[in-house]
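Asks: Could you look at this predicted model? Sequence included:
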Amino acid sequence: MKFKIFTKILFEKKRILILYILIIVFALTFLNMRLISMDNDLKQSNVPDIVVKGKMDEDGVLKYKYYNDIPELASQLSERLGSQAKVYGIVTRSMMTDKDPLTNNYIEYTIYGVPNDFLETELNGEIAEGNLPKEDKNQAIMGNYAKNYYNVNAEDKIEIPITLKNDWQESDIGLYTLSGVLSNNLEYFKGAIILSKDTFKNKYQNIDDNIVYVYVDNKEAYERALAAVQEIKMNDSTIGTITMNFYAKQYTIRNAFIGCISIALISVVFILLLIAYLMKGTTVKIGILKALGLPNRTIILTFNGGLFITLLLSSFLSLITTYITTILFNQSLSNFLGYKVMEYNVNSYCVFADVVFVFLCFLISYMHIYRINNRTLPKEAMAKN
Amino acid sequence: MIVKAENIFKSYKKNKITLPVIKDFNYEFKDNHIYLIKGFSGKGKTTILSILALLDKEDSGKIYYNDKLVSDMDSEEKCRVRREEIGIVFQKYNLLQGLTVLENIILVDVSTQNLKKEEATLKAIEILRMLQVEEKKDCYPHELSGGEQQRVGIARAILKNPRICIFDEPVSNLDDKNIDIIVKFINNYCHQKDRMAIISSHSEHFDEIADNIINL
């Protein structure tokens, strides 16, 4: 009986309760979808802060080994920067380029031979399906676009030539199996086929890096790393282009957070205004209940209990509506692209945000009710107007 | 039960001016009696009832229930006394709009576990039958007339069979039929159950049943 009484005293009419739940569910679903987008934006901003490539041949023709070697750069940078930056020497080989049906931009389908610590540190949390390649095994992971382009699934043999040598041969076809697929949102590696260069070196032959990735944590480290790269380049003619992503990354991350925080604040304020409107007339109701002999504890429980249950129910329903919305979005995107994508997924941010939302709204309302209860005298019930 | 009011003074402040409402009120109320408080508007009828019902605090003076000083109790104790000993009927009915008639009546007793829900429901239906509004038990207050709402208010007040029943202008704005039902009910209830009723009213209908009339 208690839940029924709580909500009846607070909302008076069932349709008002339903309306409140619908509004809160809508606001929370909107917030959750924004959080999912933020998560996608953050994942898409998971790119190296500085990318240094070996020079290309002057004819500009896309060869298998597109960038020339820069064998010493990674070790030189590591020595100079120490723990201020993470430096990875990468071996790349170019497969082909093709147009992205979604954005109409060209995607480079590229083989990356990366050090094992790059797999463990930078890609460990980005596997959507399967696992990272095992040490000493001929296994590779792919970006989502590569996986769909080459039409493979986890544990399938990849029937294309995969090698880190300067050129490929027929015998390189089918050497590798797909161990895992990267998350859709890892935009930078969506056309990538990634394998361990350490395993390749142990099994086949030594190969030199032709790209270096630098990851930093702050602006000072970035400035120092960039200065080091530019200084080395001045004396090393093998170094080609330097791409700087640090500020664009920070901008994306900052905008993602600001966008979410804004939506969250607006949602909370909006819901609190709704609750405040609901609380109109609470003084009279509390006065009546006190006059009838209901103890303070029961009065506070009556109003806050009903509100808490409503908020909790709305939060739970919003997770369901968010899940349904992500299914619809993914289905729509998959239909457009012609293959299955799971770009939108309910994540821990949504659950966390909903919990914080319920707690925050409840806490503010509790304090409001508590204050009104303490201020309201039972003689209010005897008032003539 | 004997309720004693000793040297009660009460005033209100309005625009920095103190307006005395009750000056040196002394009276003793007993069971099985109906007390009618009469006076013009603003004479303090509702104020007296509020103080006797422990809803408001007097400026000075004392209130005793069976020689026990109750006016100096803290708010939680007064709340308990109101819940256990006093039934209050308000002029403005004060039914909770979101609850049905039955839920309004049994709310306090069931919420505080004074009575089990089934027991309270049966008692409530019986009282509603005596007040001739049993068929409205599942209706909401806005679906009732003024007279029906006031009868529901009376049912709520007496569900727990309180020793002291306080009625603040219970029949104002009601028609003769409703007044008749209410007056008869109060008279029967008070004398059959050996209870005390303190009523403030302008209506002459209560003159016939009142054992004592207090003119302010």
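Replies: Okay, I see it. Source: prediction; values computed, not measured.
Asks: Share the number of residues neighbouring the residue of chain B found nearest chain A, please.
Replies: Closest residue of chain B to chain A, C-beta to the nearest C-beta: B:R83 (2.7 Å). All C-beta spots, glycine's among them, are computed from the backbone N, C-alpha and C. Other residues near B:R83 come to 19 when the count uses other C-beta atoms under 10 Å in any protein chain shown.
Asks: I'd say it and A:T298 touch.
Replies: No. Assessed by C-beta atoms under 8 Å, B:R83 is found out of contact with A:T298, at 10.1 Å.
Asks: what touches both of the two?
Replies: Both B:R83 and A:T298 are contacted by B:T112, under the criterion C-beta atoms under 8 Å, 6 or more residues apart in numbering or on different chains.
Asks: Determine the three-state secondary structure at the closest residue to the residue of chain B closest to chain A other than its chain neighbours.
Replies: In space, and not counting its chain neighbours, B:R83 is closest to A:G293: 2.7 Å by C-beta to C-beta, 6 or more residues apart in numbering or on different chains. When classified by DSSP: H, G, I helix; E, B strand; the rest coil, A:G293 comes out as coil.
Asks: got the contact list for A:G293?
Replies: B:C79, B:R80, B:V81, B:R82, B:R83, B:E84, B:I86, B:V108, B:T112.
Asks: looking at those, which has the most residues close by?
Replies: Result: B:I86 is most packed of these (other C-beta under 10 Å), 26 neighbours.
Asks: Next to chain A, which bits of chain B? Give me the list.
Replies: Residues of chain B lying close to chain A (C-beta under 8 Å from any C-beta of the partner chain) are B:46, B:49-50, B:53-56, B:75-76, B:79-84, B:86, B:88, B:90-92, B:94, B:96-99, B:103, B:107-108, B:110-112, B:117, B:156, B:168.
Asks: Narrow the residues you listed to those that are buried.
Replies: Neighbour-count burial (16 or more other C-beta atoms under 10 Å in any protein chain shown) applied to the residues of chain B next to chain A gives B:46, B:49-50, B:53-56, B:79, B:81-83, B:86, B:88, B:90-92, B:94, B:96, B:98-99, B:103, B:107-108, B:110-112, B:156, B:168.
Asks: number of nearby residues for the closest residue to B:N114 other than its chain neighbours?
Replies: Nearest-residue entry for B:N114: B:K160, 6.4 Å, with adjacent residues in sequence omitted and distances by C-beta to C-beta, 6+ apart. Neighbourhood size, B:K160 [other C-beta under 10 Å]: 20.
Asks: Am I right that B:K160 is in contact with B:T112?
Replies: No. Assessed by C-beta under 8 Å, B:K160 is found out of contact with B:T112, at 9.9 Å.
Asks: tell me what the helix or strand in which A:S78 is found is packed against?
Replies: Using DSSP states H and E, A:S78 sits in helix A:73-81. Under the contact criterion of 3 or more C-beta pairs under 8 Å, 6 or more residues apart in numbering or on different chains; DSSP states H and E, helix A:73-81 touches strand A:85-99, strand A:211-216, helix A:219-235.
Asks: again, only this time at 6 Å
Replies: strand A:85-99, helix A:219-235 (3 or more C-beta pairs under 6 Å, 6 or more residues apart in numbering or on different chains; DSSP states H and E).
Asks: How far away from the center of its chain is the last one?
Replies: Right, helix A:219-235. Computed by C-alpha atoms, centre = their mean, to the nearest Å, the chain-centroid distance of helix A:219-235 equals 29 Å.
Asks: Check stretch A:322-341 too.
Replies: 17 Å.
Asks: Give the buried residues for that stretch.
Replies: Here stretch A:322-341 shows A:T322, A:Y323, A:T325, A:T326, A:F329, A:N330, A:L333, A:L337, A:V341 as buried, counting by 16+ other C-beta under 10 Å.
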